[in-house]
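> I'll drop the sequence and a predicted model, then ask my questions.
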Amino acid sequence: MAEKPKLNLNRVPIPKQTPEVRRRNFNEVALGYTDEQALEEASRCIDCKKAGCKDGCPVNIDIPEFIKAIRAGDMPEAARILKSKNSLPGICGRVCPQETQCEMTCNLAKKGGPIAIGRLERYVADWERDHPEIAEQQKERIRFNGKKVAVVGSGPAGLTCAADLAKLGYEVIIFEALHVAGGVLMYGIPEFRLPKVIVQSEVDYVKSLGVEIKLNHVIGKIATVDELLENGFDAVFLSPGAGAPVFLNIPGENLSGIYSANEFLTRTNLMKAYLFPEYDTPIQVGKRVAVFGAGNVAMDASRCALRLGAEEVYIIYRRSKVEMPARLEERENAEEEGVIFKLLTNPSRFLGDGRGRVRAVELHEMELGEPDESGRPRPIRKPGSEFIMEIDTAIPALGTRPNPIIPSTTKGLELTKWGTILTDEASGRTSKERVWCGGDMATGAATVISAMGAARRAATDIDKYLRGSTEWS
Amino acid sequence: MAEFEPRIIVFACNWCTYAAADIAGTNRIQYPPNVRIIRVMCSGMVAPEHISLALESGADGVLVAGCHPGDCHYISGNLKAEERVQMVSKVTNMLGIEEERVRLKWIATSEGTIFAQTIRDMVEELKKLGPSPFRESRQVSQEKPALDLEDILQETKAYYCLECSKCTSICPVAKYDSSCSPRSVIEDVALGLERESTRDKKLFSCLGCYACSLRCPTDVDFPAFVQRVRALAFGADEHGCPAHGGFLHSVTRLMARSPYKQKRLGWLTKEYRVSDNSDILYFVGCAPYFDPVFQYLELRTLDITEASLKILNHLGVEPMLLPDEKCCGHDALWTGDTETFQRLAEHNTRVIREAGIKKIIFSCPEGYRTFKLDYPKYGFKLDCELQHISEFVAGKMGEQELKLKEFRKKVTYQDPCRLGRHLGIYDSPRQLLQAIPGIELAEMEKNREYALCCGTSAFTNCDLYSHEMRVGRLQEAKATGAEILVTDCPKCQIHFRCAMNNKGEEKGPDINIEVMDLAKLVADALE
Amino acid sequence: MENEKKVGVYICHCGLNIAGTVDVAELAKYAATLPNVVISRDYRYMCSDPGQDLIKNDIKELGLNRVVVASCSPRMHELTFRKACQSAGLNPYLYEQANIREHCSWVHADKKQGTKKAKDLVRAAVQRVCYHEPLEVKEIPVNPNTLVVGGGIAGIEAALKLANGGHKVYLVEKEPSIGGHMIQLDTTFPTLDCSECIMTPKMSEVGHHPNIELLAYSEVEEVSGSVGNFKVKVKKKARYVDEGKCIGCGICEQKCPWKVPSEFEMGLGKRVAIYIPFAQAIPNVATIDKDHCVYIQSGGKKCGACIKFCEAGAIDFDQTDQIIELEVGAIILATGYDLLDPSQIPQYGYGRYDNVITALEFERMTCAAGPSSGKIQLKDGRVPQSAAIIHCVGSRDKNYREYCSKICCMYALKHAHHLREKINADVYEMYIDMRCTGDGYEEFYERVSAEGVVFIKGKVAEVTDRAITEEEKGKLVVVAEDTLLGRLVRIPVDMVILCPAMIPRADAGEVARMFSITQKATGFFLERHAKLEPQVSAMDGIFLAGCCQCPKDIPDSVSHGRAAAAAALEIIDRGSVVTEAAIACVDKTLCHGCGICEDICEFRAAKVILKGGRMISTVNEALCKGCGVCAVACPSGAMSIKHFTRDELSTMVKALAPVENG
Amino acid sequence: MCKIVKKEILVPNTIYLKVEAAEIARKAKPGQFVILRVDEVGERFPLSLAGWDEDRGTLEILFLIMGKSTMKLSALDEGDCIRDIVGPLGRPTEIESYGNILSVCSTFGIGPMVPMIKALKEKGNKVVTAMEARDKASLFWEDRLKSVSDETYVVLGDGSLGKHRRVREFITEYLESGNKVDRVFAFGRIFMMMDCCRATKPFDIKTIVGLTPIMVDGTGMCGCCRVSVGGETKFTCVDGPEFDGHLVDWELLIKRKRAYLREEAQAFNLWQPDNLRRIAELSELPERISVM
């Protein structure tokens, strides 16, 4: 037995493109561990008895085991362990907020240097992608059980649920409204944060489990949920995402040059507007861009704007830095790349140039008051603090509302007051029999991994229900 | 009947002449009340168009007065004023306007008596001359043109615009000025934003080059649309940004209203054979008027005129020149001044008809276009054959041999919009070029119907973008490796020369190339 | 509506001055009918306080945003009414004045005609005022330091006045010492005071003045910026002597073996390679002439005597030229003059005949401290028996300089006096006209005449040594026409003193370019106004002092120097310069960057620069005077003059040119 | 991938396509549209459905060649495939029993009008159709409209047919001469719809117009297609495409539609040189230089 390693609290840093370089390209920011770096980082794991990391993972990956496999140099094994619980490791390794999940519960975290589990996950996933023959060997033979499940939406929740069910022998068909699978992973998260080839290779993995993906199918339009249930599907899992943009509802918001974050990111990521005119979809980014809001989407939008040639990009947020909802790493990345944060500031109207384009925004300063129902201090407008800022592009990134297409076309589906589908958190069941729901449509806008966790729980429940082990009470 | 009282406009420099007039007042030196003084800081501030505008507006005399040489508060503004008044006088003299009507005088502060005497003298002289004819023919019509926006939309088929922006994709202006788009102009008019539409400076950016009509799927006649909307704008006193202060437009208006006999053939020497009995007219056009204005470019457009005559003579044609032909009205029409256009068209058609002309030869494509397309449209019909000089010569080449010297040069050819896209003449100029032994014609990337406009039209909205366009076109010409850029439009030549005159290009691309008129090239090659 | 124009019109009676010839009531009634006019009043005296209050109240109560007063000449009261507008919160440039007194009521007697004309003038003013835009006058803070270029008497005076006034002055002198031409003179006319005696205290004051930083042996290399904020680069040439250490003891001069002709002594004496130009030099430090220093020329292999003997250890052969950057608010140019080289005029024999000398050489000769210790002598050491003084050598001569050099008549008289007084020589003054116009000058002429000097009015044709008579042998013969007698005269003399023309410095053109000022046809620097502003150059903040503007005698140079200092003080003490509000501005979308404006602007205010990848004209607001010459020349209409735009002038023309209904 | 089974050049610049898309054909209703993507690099753009055949599983669309995407689409031939078609999208037309209907259409608006008139007729409405065309050469489907409408009027812009040159003149006269109309449907170019609304406004007849703003996803996700109707912001893709024309902010619509002028021109220019000849054939660019 090897000597017990000394406690090493220095995480191996992940190589990154420098801010000066990356702010003008769409290539991935973080470059990933080399073999040596991965081994070094994996060797820091003290292999503790009570592995907290495992509890921190919403999909319960056996983290100590896959790290051990890395240390042993057994990459196929590491990949197998990961894939057994997580069908999308390449994605999760990149976009999960590990600092609030597995890495937070890592025992070394108490000392300040948790194992970089996310980076190792990414490393293993990338290795596997480079070695397709291994995946082929590991492919489990699936025996169909004759039951059919429809999954609506091919985002992280849909893919996870489909993969889990497929592994259990169900015939799964995913219906995707857009022309590619992946949902928010394709249209929302930018290439430089999550390369699209990785999404597609993980989608391909899901397909390789026998899942069929029907693109260009808007459920509610081409077929309703009820029609699906009537036409041979035993269960329907709804994971259409939360797709309707929220605007500021201030005068002038319909001027050209004002994009919802959804539109801005869709044009950029899904439609590859950054490759215009090679790709047909255009986007207009001016010299001065204002992004409203301070979540991950706002960070993505502001960083995309920089990469699309903006000279000055502002994040305009009505609260202070502490309340910003974005992941710390994304905030830092944005700051490094030159995004300017204008905090405690809120817009009151947009001004046009007389030809229908936005020319400026009127802002006013805010101060923080007593906490509101979200627990965060309520921003209050400072009287007389208005000022005009010249901009040529504005991007409200204030989150999303649920898209009404499915609720409005499905009978007997109960909704919450926010318009999301009322869902049992543990099982994913909705108020309508044989219909489950997960992801943003159930919870409102949240993270990729939480959607995957919900999908996994729903898959388990669907399996239980369809095998008849539980009743729809 | 009351005695005629002339009206005199005095542009008086603040430091000398205005003060002299004040002194005249302080000393109660009486002079006739015919004078109206406009205070300027320096006589060098008085632009040619202010002088011509005063004449146009009915002033019987204009006096520009400033400090004596050496006394200028601004060192040399008065000397600049002198040059400008001389330039204006050259033009007004050509128009036939008596030289007494435009004056320059140095009057110092102390010279109150001289000021008063100058006014007295001027009043006397002007009384002898009688009232300025422009008093009567002054343009006073404020009535709206008959066409309204709706009619324009329908007439020019702009109503059928599909908003497809193919026009914008080919519009040379839009290429350089991204805020410009024919489609947007139409949309604004269609939305009923009449005020905004007619005030939009972009309306005056259109070159009327007809590139858009190459692509428009619904056959919208955008240039005509622009022409009509500009007429509305003109009625609302909107003129875009006329280049050269609008002096050229002002001269056109004076010419249109002038009853004077012009003295426009001063350049004509015995070298050229013309005949009063010929039934072929050579239309001289504006060249005599251009030359004083564009002296600063060291440009002589009369070279084109003379070259054309030389060619015609060589072919045995002794054309008639009309000493009192007037501007064809092209610029007036394209800047919305329909009234002036109609006056000119009426005059020209009348004198040409009276002279019994059977055929008119043009060397200026604008004149040709205007006679051929616009005159009939506005009801001025001529029973003549119209030809561009290149057409005429190319036509003759079959029967008659042109004796041309060898000229070993690589040249490229700029299709003027008016000759090319407007009239479809692409071949005859090229035929002519190639008839010169030794000439190698290298075509620019965009040629014939796809040729790029020289960048400015009707001397309006000559802006940054039109300059860039010119630079772009000159670069294209340079890229062919040609030594000479040949064109047959005097205006193309003016605009190209102007672009090359730019100091700004020192750090920019090399755009210097010899620009030459086709007629001049051919005339020089004649044996 | 923000853009709605609300014009108030005020007709002044000016007692009966206007009301006598113009029907003011009718005029006011007429004005009320004009478009945009919301109020029209007439009043006895608009310029009185109650008159002005009418305007102020209406601005406040009726919300007027444009004001027209029809009264006297704007040259009289434009400022009054602008201030009235301003005090009521209206931008003063939204005001227009119609001159119905000087240009109407006072020059026309017929009331009907006068009223008619007044109506036209008011109508035009109302139409024009609607085009006025609010303009801002900008104040630029002024750097309180001044640069004086040239350490002659004019520069010294200017520097001292400014320094005594408590302001920092940089005095740049190209020679090793200040003093200029004046320190070379022996005595000054007409008082015959010793030049050195009156000059040296001033020089020494400069040397010790706490507010003066003397940069001798230095030259201005580059000037940028504009009034209030110039940046100047001065090259301090290497003296190879540490100014801080050198005590001016002169031992090095005694030890240095390498002799060259002394510039200060006009070549009549010698100096060595390390030298103090003259005894009273300020700064009193040695300078090594590197062209003649053998140590330097041999690369340090030979000589080095000075190093050995300098007790202060001040010799420093490692010195290099230094560039010093100064920031000043005003500049005074006192670069002085040169004398025409008389060898250009071959018939006078200068350079060919030993005893043809220039007046300045003669000054050194008569000076007790000079090379001959004040002895007037010929080249061979003899004392001359006779001398001819030739006036106007190159002055008042179409072939050389057309102008009069102003001081020659007087110093020629001075020289004649010394010749008579010291050696009792026969003196012939060969003059064209005697010009003795200063205080005590004519009296001096009388005095010298009485001393037996012979005055011959005639331009000298030739100075020759070819004798035609015995008497002329061994002498210089001055050939001239005595125009009073109308006959040719030949005067044999021992010595000929030439009074050469004062000419601009050889580098005047270069200096003019560097400081962006202009030269006159004569080559001297051009003043803004020959009568009223002779000390001001065309460039704001740059002033002229002394003979760089035109030939002057000492009192004129001193006055001129002080005048320049006063002009500089005006700017410094105000603390800021106000830019012209009605200046040129560029429409960026129209400008091609053709540079016609740059070429035509006399004030170098317009400049084409590379901005955002293209050439575009810009206007330096501190330099532009608003003359409008550029706006007219601009082919695209990009350039315009605020307050006098094309639209404003056209409006006036259109309002005034037509004769309405006969 | 959807195969083109039929292609027709109706008039210059206007193309008719029949494509295989069985699932969409089964669900399509009048007033709905599909979003297409011609190829892998193509943009998503909406086109109205001009018809569908549930049995054969085909859709009919007709479109104008406007920019690069439609030009690419027009370059496909029978047997070629369109990369993506998604639909049916948008709210279907509210087909009810209104009484007398005036349907007004021009160019690409003629397509969706045909199934709509059929449906309206089935509900017992009387449908009078006015179609507008620039000239005879750009007139198509007159017969189809005639076959489904009770009455059909053709208004030609060159005045070659009757006294009216604009559909607005026709409507005004039609209404002034006492014809009762309960509802107007107008589909086609914006200018025509605006004109139509101007004509019906004085008579206060509800006028439904079909808007065609720029869209991306077509499912309410991006908000690109927002329009202002009666002062409220609406998403055309999910709230429309049909709105009350009297309430539409036309200026905003037009200005938003020209947001990408520069890019459209650029894309067109880059794509166009290689295909110039082909396009010229398709749109049969007439030899028309300088006739005004």
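Perfect, thanks for sending it.
> Need the phi and psi values for C:Ala125.
Here is the backbone geometry of C:Ala125 (degrees, to the nearest 10): phi -60, psi -40.
> Isn't it up against C:Ile100?
No. Between C:Ala125 and C:Ile100 there is no contact under C-beta atoms under 8 Å: 9.5 Å. Where you see a C-beta, it was placed from the backbone N, CA and C, and this is true even at glycine.
> Could you tell me which residues touch both of the two?
C:Ala70 (C-beta atoms under 8 Å, 6 or more residues apart in numbering or on different chains).
> Between the two, tell me which one has more neighbours.
Neighbours were counted for C:Ala125 and for C:Ile100 using other C-beta atoms under 10 Å in any protein chain shown; C:Ile100 has more, 32 against 27.
> Return the distance of that one relative to C:Thr589.
40 Å (C-beta to C-beta, to the nearest Å).
> Confirm for me that A:Phe387 is in contact with A:Leu363.
Yes. At 5.9 Å, A:Phe387 counts as touching A:Leu363 under the criterion of C-beta under 8 Å.
> In terms of neighbours, single out the busier of the two.
A:Leu363 (23 against 11).
> and that one, what element?
strand A:358-371 (DSSP states H and E).
> got the contact list for A:Gln137?
So A:Gln137 contacts A:Pro76 (C-beta under 8 Å, 6+ apart).
> part of a helix, is it?
Yes. Under DSSP: H, G, I helix; E, B strand; the rest coil, A:Gln137 falls within a helix.
> For chain C, what's its nearest residue on the stretch 101-250 of chain B.
B:Cys241 (5.2 Å; C-beta to the nearest C-beta).
> do you know how far that residue is from B:Glu325?
Using C-beta to C-beta, B:Cys241 is found at 29 Å from B:Glu325.
> sec struct for D:Val184, please.
Put simply, D:Val184 is strand when judged by three-state DSSP.
> Please read the previous query as pertaining to C:Met430.
strand.
> For it, name its beta-bridge partners.
C:Ile390, C:Ile456 (DSSP bridges).
> Tell me if I'm right that it and C:Val393 touch.
No. Using C-beta under 8 Å, C:Met430 makes no contact with C:Val393, being 9.8 Å away.
> Spatially nearest residue to A:Gly52, not counting backbone neighbours?
A:Thr105 (3.7 Å; C-beta to C-beta, 6 or more residues apart in numbering or on different chains).
> residue contacts, the one you found?
Contact partners of A:Thr105, counting by C-beta under 8 Å, 6+ apart, are A:Gly52, A:Cys53, A:Asp55, A:Gly56.
> Give me the local confidence score for it.
We have a pLDDT of 83 for A:Thr105.
> any idea how far it lies from C:Gly244?
With C-beta to C-beta as the criterion, A:Thr105 and C:Gly244 are 74 Å apart.
> quick one on the thing from earlier: how about residues contacting the strand holding A:Leu363?
Here strand A:358-371 makes contact (C-beta under 8 Å, 6+ apart) with A:252, A:255-258, A:290, A:316, A:318-320, A:342, A:344-353, A:377-382, A:385-394.
> of those, buried ones?
A:252, A:255-258, A:290, A:316, A:318-320, A:342, A:344-347, A:350-352, A:377, A:379, A:389, A:391-394 (16 or more other C-beta atoms under 10 Å in any protein chain shown).
> For the residue of the stretch 1-150 of chain D found nearest chain C, the count of nearby residues, please.
Of all residues in the stretch 1-150 of chain D, D:Gly67 sits closest to chain C, at 27.8 Å by C-beta to the nearest C-beta. For D:Gly67, the neighbour count with other C-beta under 10 Å is 22.
> Would you mind splitting the chain into its domains for me?
Reading this off chain A. Following automatic domain parsing, chain A resolves into domains at A:19-138, A:148-243+A:402-466, A:246-399.
> Chain C, not that one
C:7-129, C:146-230+C:325-336+C:505-578, C:238-320, C:338-503, C:584-642.
> CSV for those domains, including mean pLDDT?
Below are the domains of chain C laid out as CSV (pLDDT from 0 to 100):
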stretch, mean pLDDT
domain C:7-129, 94
domain C:146-230+C:325-336+C:505-578, 92
domain C:238-320, 90
domain C:338-503, 94
domain C:584-642, 90
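> ok, now how distant is C:Ile140 from C:Gly165?
C:Ile140 is 21 Å from C:Gly165, by C-beta to C-beta.
> Next: C:Ala314.
For C:Ala314, the distance to C:Gly165 - C-beta to C-beta - is 34 Å.
> Could you check which of the two has the larger neighbour count?
C:Ala314 (22 against 16).
> Is A:Asn86 in contact with A:Cys102, as I believe?
No. The criterion here is C-beta under 8 Å, and A:Asn86 misses it with A:Cys102 at 11.4 Å.
> Tell me where the model's unsure across the chain.
All of this refers to chain A. A:1-7, A:138-140 (pLDDT under 70).
> was after chain B, sorry
Applying pLDDT under 70 to chain B flags residues B:1-2, B:137-147, B:193-199, B:504-507.
> Quick test: name the residue nearest the centre of it.
Centroid-nearest residue in chain B: B:Leu248, 5.2 Å away (criterion: C-alpha atoms, centre = their mean).
> Could I get the contacting residues of A:Ala445?
Counted by C-beta under 8 Å, 6+ apart, A:Ala445 has contacts A:Ala242, A:Gly399, A:Thr400.
> hmm, try it at 10 Å
For A:Ala445, the contacting residues are A:184, A:241-243, A:246, A:295-297, A:325, A:399-402, A:420, A:439, A:451, by C-beta atoms under 10 Å, 6 or more residues apart in numbering or on different chains.
> Most neighbours among these, which one?
A:Gly439 (34 neighbours).
> Skip the chain neighbours and tell me the closest residue to that one.
In space, A:Gly439 is closest to A:Ala157, 3.3 Å off (C-beta to C-beta, 6+ apart).
> Next SSE downstream of the one helix or strand that neighbour maps to?
Using DSSP H and E, A:Ala157 sits within helix A:156-167. Counting by DSSP H and E, the next helix or strand C-terminal to helix A:156-167 is strand A:171-175.
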